[in-house]
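Chemist: Model the following, please.
(2 chains)
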Amino acid sequence: MPAPIRLRELIRTIRTARTQAEEREMIQKECAAIRSSFREEDNTYRCRNVAKLLYMHMLGYPAHFGQLECLKLIASQKFTDKRIGYLGAMLLLDERQDVHLLMTNCIKNDLNHSTQYVQGLALCTLGCMGSSEMCRDLAGEVEKLLKTSNSYLRKKAALCAVHVIRKVPELMEMFLPATKNLLSEKNHGVLHTSVVLLTEMCERSPDMLAHFRKLVPQLVRILKNLIMSGYSPEHDVSGISDPFLQVRILRLLRILGKGDDDSSEAMNDILAQVATNTETSKNVGNAILYETVLTIMDIKSESGLRVLAINILGRFLLNNDKNIRYVALTSLLKTVQTDHNAVQRHRSTIVDCLKDLDVSIKRRAMELSFALVNGNNIRGMMKELLYFLDSCDPEFKADCASGVFLAAEKYAPSKRWHIDTIMRVLTTAGSYVRDDSVPNLIQLITNSVEMHAYTVQRLYKALLDDISQQPLVQVASWCIGEYGDLLVSGQCEEEEPIQVTEDEVLDVLEGLLVSNLSTPVTRGYALTAIMKLSTRFTSVNRIKKVVSIYGSSIDVELQQRAVEYNALFKKYDHMRPALLERMPIMEKTASNGPTEIVQTNGETEPSVVEAKHPPPVTQPTNQVRTVFSLYIRKNTHLGLEANPNPNIAVITIHASNSTEADMTDFVFQAAVPKTFQLQLLSPSSNVVPALNQGTVTQVIRVLNPQKQQLRMRIKLTYTHKGSAVQDLAEVNNFPPQSWQ
Amino acid sequence: MTRLLKIVSCSSLRFFLQMRFLLLFSRQGKLRLQKWFTPLTDREKKKVIRDMMMLVLARPARSCNFLQWRDLKIVYKRYASLYFCAGLEDHDNELLALEVLHRYVELLDKYFGNVCELDIIFNFEKAYFILDEFLMEGEILETSKVAVGVSLEEADTLQETMEEYMSKPAY
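Modeler: You can find the predicted model right below:
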């Protein structure tokens, strides 16, 4: 039996394949050889065969038949075998296969091996793919190694402990004693991984966080030493001593200082020092500065420090390095709500970034620009944003147009300015405007009574130039239908009135009906506009003719309209004026109306549940948080507080219970339509105390890339007075502020 | 529930994980290394790989090294013919991630001596060994280049035959 070919030989051979088919053939042949070798229980070449299998796996071919072989390699005494075996386990196995549990014993033995590199392999594998069961079984071993004086093992044990905690949070307590003197280590590897471990524990448990606050002085000292120490070749990166450790410490300080005055004060000096002394010529220095800025913004720093941080970001904006400009814009976007005035000072630089060549930077600059628009700067900002809208790539136009409409609605200095802005958007980016903009704009125009003549004139002129942009055409058609009388009477006050006859207007509208550029929806608008003009114009006969022609249109929608309008002329002519008269002012549909709840019965309790809709509490549109209430049954209240961020809506649920018994094992589940992505974070607890004595809080993060109306289905399960309860509800009326 | 909706239950989701994955691939879209720091199904992994290749390979030459994908930040850098691509949580430090990628390249370079893509193709298992001495659970294990180099050399000497040891290219 010839020896199986070597790994590198196989790789060389496979690379000579000229087609996918040829490669597949080689792979199949080799797999067959490997399989028979496995069947023969060949110990000598098992390692080589598994290594080859791993290579083929990376090319995308199935390799599951090698899983058990990896386990055999791990159990071998040879280091080479173990190395490949553990690698194979990490690549081919995960917690979904029952097979992986067979590793537990091997790993346990290897964790106690006499050679540290074998112990290292075991720790690495456990820390990479250890399942909850494995972690539970082996946590004790990891904890032991965390206390060893061998720094090679200690650092690996620390990160392995992080993995264990992530998998089985309840085990966190057992690692607490071992953390006692982790920070007095000199070895940077151990220090770094220890800081990571401490960070993980603090993030998961408020008690741990409180416990570890006392480490702040020590962390500050370590950071100070790193900065002040001379050149250390081992840890130097472009003149900075161990930037990775510096950043990790800064992050831990952030967590410890957040919301705590004393800790924040204790770190003030070192933060100022890092912020002013770090070398910024290379990326690595800026990475540290960036982390420092994030820390300053999150803790209770004094205002001078905060201004320093924002100014650093402002300087970043002027940096030649694109990455740094991008990072600055991203951070400013996060801080613009809380430190609005400070960020405003950098507005002109931010607006300049709209002209950047890089797509990622342009997008961030656009988002940030919209966040900075207010009543004072609206005219200037809008000029820049409209210029951006003109020249930007199509991928931005829809979002930019929506942003302009929103900003204009909130801060328009005058009605005329508002209409002009809308016109500008419709004429330059009209085909990218969202479908819901058309009804919104129509409503806006209707309600700007004194601007009707001006608006219809401008829209008419725009139509003469270009009828390809459907939203523009639709809005224009509608306006002409409504205010055509003002158009022909030449009544415009705002600008020079144009001379236009009824026939000319009808020519334009009829042109829309026949044009290939018009969509069916647009044709509908045009036909209705023509009909409306029958009560505003004198040339009724022409209109009657047009309407009757379309009574036999192939387009069913158009046909129906024409037939109905025909009927109006023939049989209901006395009603025509009333039906077609001017539209009244429209109330904006209350977006903050009572939430719609669709109740479905819980599976265990067949009784009908009643929904209570108390008037929700909403805040004015220019505030960040929107709060509204949802009652399920009579006694469970969910308060939803939405905190919109341009990319991710963060919704916080506060669940309370007004019955006399606690709700235990309380689990909240949510589902959203496919275009959204949902992330549910850990709840504050799973017991909702009785009689409104407390609430369970849970944070949901919703990613809404297509900016669609947020809908959510909610399921509550809990135990109440001994029996299991399940409630389902649907929320459809999230206030637009929470998802736009 | 209709099939349009997917239910996410409130399991304890990882919140502050630094790195979700690290991928190495060539300009032609050939995968050279994949390291996953969260459990994903094979199908999900394939999707991520496909998306990353598509997004990164389409980027113009002098773009910034960051882009947004779903709720992750993607940091990528091209070294000769290989793209190094990492997926980070939304609140991670992208600038530092660039340094992490660079450090890994330096470690590869030190080990293989003027590393090139072929080294990583023919010695992929070594690329993994080096990575596993540098990162674990998406976090940095050792910040000293020297220490990583020493561990690798000592581990290599444990390989049983002279032949296996020598099959590694000289420093």
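Chemist: Please count neighbours and contacts with C-alpha atoms only from this point.
Modeler: Noted.
Chemist: ok, the residue of the stretch 351-500 of chain A found nearest chain B - contacts?
Modeler: Chain B sits closest to A:D358 of the stretch 351-500 of chain A, with a gap of 5.8 Å, by C-alpha to the nearest C-alpha. When contacts are counted by C-alpha atoms under 8 Å, 6 or more residues apart in numbering or on different chains, A:D358 touches A:322, B:63-64.
Chemist: Export those residues as a markdown table, with columns for neighbour count, secondary structure and pLDDT.
Modeler: Supplementary listing: the contacts of A:D358 in a markdown table, determined by neighbours: other C-alpha atoms under 10 Å in any protein chain shown; DSSP: H, G, I helix; E, B strand; the rest coil; pLDDT from 0 to 100:
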| residue | neighbour count | secondary structure | pLDDT |
| --- | --- | --- | --- |
| A:K322 | 22 | helix | 91 |
| B:S63 | 15 | coil | 88 |
| B:C64 | 22 | coil | 89 |
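Chemist: Give the helix, strand or coil label for residue 33.
Modeler: With no chain named, the answer covers chain A. Reduced to three states with DSSP: H, G, I helix; E, B strand; the rest coil, the structure at A:A33 is helix.
Chemist: wrong one, I was asking about chain B
Modeler: strand.
Chemist: what sits against it?
Modeler: For B:L33, the contacting residues are A:58, B:22-25, B:124, B:127-128, taking C-alpha under 8 Å, 6+ apart as the criterion.
Chemist: and these, which are buried?
Modeler: For the contacts of B:L33, burial is judged from neighbour counts taken by 16 or more other C-alpha atoms under 10 Å in any protein chain shown, and it is met by A:58, B:22-25, B:124, B:127-128.
Chemist: closest to A:D507 among those residues?
Modeler: Here the nearest of the buried ones among the contacts of B:L33 to A:D507, counting by C-alpha to C-alpha, is B:F25; it sits at 60.5 Å.
Chemist: so what's the residue lying closest to the closest one once chain neighbours are set aside up against?
Modeler: Nearest non-adjacent residue to B:F25, counting by C-alpha to C-alpha, 6 or more residues apart in numbering or on different chains: B:L31, 4.4 Å away. B:L31 is in contact with A:58-59, B:23-25, counting by C-alpha under 8 Å, 6+ apart.
Chemist: Can you tell me how far B:L31 is from A:E23?
Modeler: Applying C-alpha to C-alpha, to the nearest Å, one obtains 15 Å for the distance of B:L31 from A:E23.
Chemist: Looking at the contacts of A:D358, which one is closest to A:A122?
Modeler: The shortest separation between A:A122 and any of the contacts of A:D358 is 38.5 Å, and it belongs to B:C64 (by C-alpha to C-alpha).
Chemist: so how far is whatever helix or strand A:L138 lives in off the chain centroid?
Modeler: When elements are defined using DSSP states H and E, A:L138 is found to belong to helix A:132-146. Using C-alpha atoms, centre = their mean, to the nearest Å, the distance from the centre of helix A:132-146 to the centre of the chain it belongs to is 35 Å.
Chemist: How about stretch A:713-729?
Modeler: Using C-alpha atoms, centre = their mean, the distance from the centre of stretch A:713-729 to the centre of the chain it belongs to is 29 Å.
Chemist: can it be found next to chain B?
Modeler: No: contact of stretch A:713-729 with chain B (C-alpha under 8 Å from any C-alpha of the partner chain) is absent, the minimum separation being 8.6 Å.
Chemist: in that stretch, what's buried?
Modeler: Counting neighbours by 16+ other C-alpha under 10 Å, one finds that the buried residues in stretch A:713-729 are A:713-720, A:725-729.
Chemist: From the opening residue of it to its closing one, how far?
Modeler: Taking C-alpha to C-alpha as the measure, stretch A:713-729 stretches 6 Å from start to finish.
Chemist: ok, back up a step: of the contacts of B:L33, which belong to strands?
Modeler: Of the positions in the contacts of B:L33, B:22-25 sit in strands, assigned by DSSP state E.
Chemist: Now render the residues you listed as TSV, adding pLDDT.
Modeler: Putting the ones in strands among the contacts of B:L33 into TSV (pLDDT from 0 to 100) gives the following:
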residue	pLDDT
B:L22	97
B:L23	97
B:L24	97
B:F25	97
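Chemist: Out of the residues you listed, which comes closest to B:P39?
Modeler: Comparing those against B:P39 with C-alpha to C-alpha places B:L22 closest, at 13.3 Å.
Chemist: Would you mind measuring from that closest one to B:L31?
Modeler: Counting by C-alpha to C-alpha, the gap from B:L22 to B:L31 is 11 Å.
Chemist: What of A:L215?
Modeler: Look at A:L215 and B:L31: by C-alpha to C-alpha, they are 43 Å apart.
Chemist: before we move on, what about A:Y411?
Modeler: A:Y411 sits 51 Å away from B:L31, going by C-alpha to C-alpha.
Chemist: Check which helix or strand A:V196 maps to.
Modeler: Element membership of A:V196, judged by DSSP H and E, is helix A:188-204.
Chemist: That helix versus helix A:132-146: what angle between them?
Modeler: Angle of helix A:188-204 versus helix A:132-146, following axes from the mean of the first three to the mean of the last three C-alpha atoms, to 10 degrees, is 130 degrees.
Chemist: Quick one: the strands in chain A, in order.
Modeler: Read by DSSP E, chain A holds these strands, from start to end of the chain: A:236-237, A:240-241, A:626-632, A:636-643, A:648-657, A:663-673, A:677-680, A:696-703, A:712-720, A:723-731.
Chemist: okay, those strands in TSV with mean pLDDT next?
Modeler: Output for the strands of chain A, formatted as TSV (pLDDT from 0 to 100):
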stretch	mean pLDDT
strand A:236-237	92
strand A:240-241	92
strand A:626-632	58
strand A:636-643	66
strand A:648-657	77
strand A:663-673	84
strand A:677-680	80
strand A:696-703	82
strand A:712-720	83
strand A:723-731	79
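Chemist: Help me confirm that A:M58 comes into contact with B:R32.
Modeler: Yes: under the criterion of C-alpha atoms under 8 Å, A:M58 lies in contact with B:R32, with a separation of 7.2 Å.
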